[in-house]
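Asker: got a structure for you, letters missing:
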């Protein structure tokens, strides 16, 4: 059964230096508060995995938490570039950052393979691209039935996956709904998992189209109201578009970014 923990205790126990960490959520239910706690606890040398790195990963990279990024697309959605990511790749600040690029379909299939306990996934994709020449996690295989040449991608198995959801009950069963990306697959693929939720309730009410992660596939649950802000949580709050616009200015300058870290993340920390 999943353990109910505080956010600080969950990160301290589950996220370790050098880990491969996936923080998933597609536009919706992004585990923003958990990412800030990883920064606050000064984790280092992480391999960050995410379908679509946005400002959460910009913050982690700028804070010096990452050594490698595995992803399909990166940007500040609706605004522009991730300036801390660019600075790390182009200038090695605050530390050099390795990157491993995939397509969205490739990343999704890698999670599915990891969740299924398989070493790789097969898909029709990457045709006409040169990604395979630069990425040793993409290979070509021949179908034993048709002879067709297909792409194969190695499974992703994070050391720890962190997601945000709407609710969990006191036994640690998790319920999420709305725009759901690969959160379920990312949890199932991981060795350990932390789910932050808007609220812990006595009983999960049946809800059409909701995804339920049973307690036995989740390591820990932390009640973190507002844990997805500035992204949105359907049924709880809307997306804070102004926060995404404001981040563009904060992140353009190393000095402004460091001032933001001091004021909004590390202030009052032991």
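Answerer: Arrived safely, thanks for sending. Predicted model, so just to flag it, every value in this text is computed and none were measured. Residues are numbered from 1 along each chain as shown.
Asker: Direction included, what does the strand or helix carrying residue 47 pair up with?
Answerer: Using DSSP states H and E, residue 47 sits within strand 46-50. Here strand 46-50 has these sheet partners by DSSP bridges: strand 20-23 (parallel), strand 66-71 (parallel).
Asker: So which of those strands is nearest residue 170?
Answerer: Among those, strand 20-23 comes nearest to residue 170, with 24.6 Å by Cβ to Cβ. All C-beta atoms are positioned from the backbone trio N, CA, C, and that covers glycine.
Asker: Can you mark which positions in the one helix or strand in the chain whose mean pLDDT sits lowest are buried?
Answerer: When each helix and strand of the chain is scored by mean pLDDT, DSSP states H and E, helix 131-134 comes last, with a mean of 88. For helix 131-134, burial by neighbour count (16 or more other Cβ atoms under 10 Å) applies to residue 131.
Asker: so after that helix, what's the next helix or strand?
Answerer: Once the chain leaves helix 131-134, the next helix or strand it forms, by DSSP H and E, is strand 138-142.
Asker: which secondary structure elements does that next one contact?
Answerer: helix 131-134, strand 149-154 (3 or more Cβ pairs under 8 Å, 6 or more residues apart in numbering; DSSP states H and E).
Asker: how about those, which one is nearest residue 199?
Answerer: Once the helices and strands packed on strand 138-142 are compared by Cβ to Cβ, strand 149-154 is nearest, at 36.6 Å.
Asker: Which positions in the closest one come out as buried?
Answerer: Buried-residue list, strand 149-154, by 16+ other Cβ under 10 Å: 150, 151, 152, 153, 154.
Asker: picking that back up, got the helices and strands packed on strand 138-142 as JSON lines, with distance to residue 254 columns?
Answerer: Shown next, in JSON lines, are the helices and strands packed on strand 138-142 (distance: least, Cβ to Cβ, whole Å):
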{"stretch": "helix 131-134", "distance to residue 254": "29"}
{"stretch": "strand 149-154", "distance to residue 254": "35"}
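Asker: Out of the ones you listed, the one nearest residue 175 is which?
Answerer: strand 149-154 (30.0 Å).
Asker: and the closest one, what does it pack onto?
Answerer: In this structure, strand 149-154 makes packing contacts with helix 104-116, strand 120-123, strand 138-142, judged by 3+ Cβ pairs under 8 Å, 6+ apart.
Asker: Just name the most buried of these.
Answerer: Compared across those, helix 104-116 shows the largest average neighbour count, a mean of 21 (mean count of other Cβ atoms under 10 Å).
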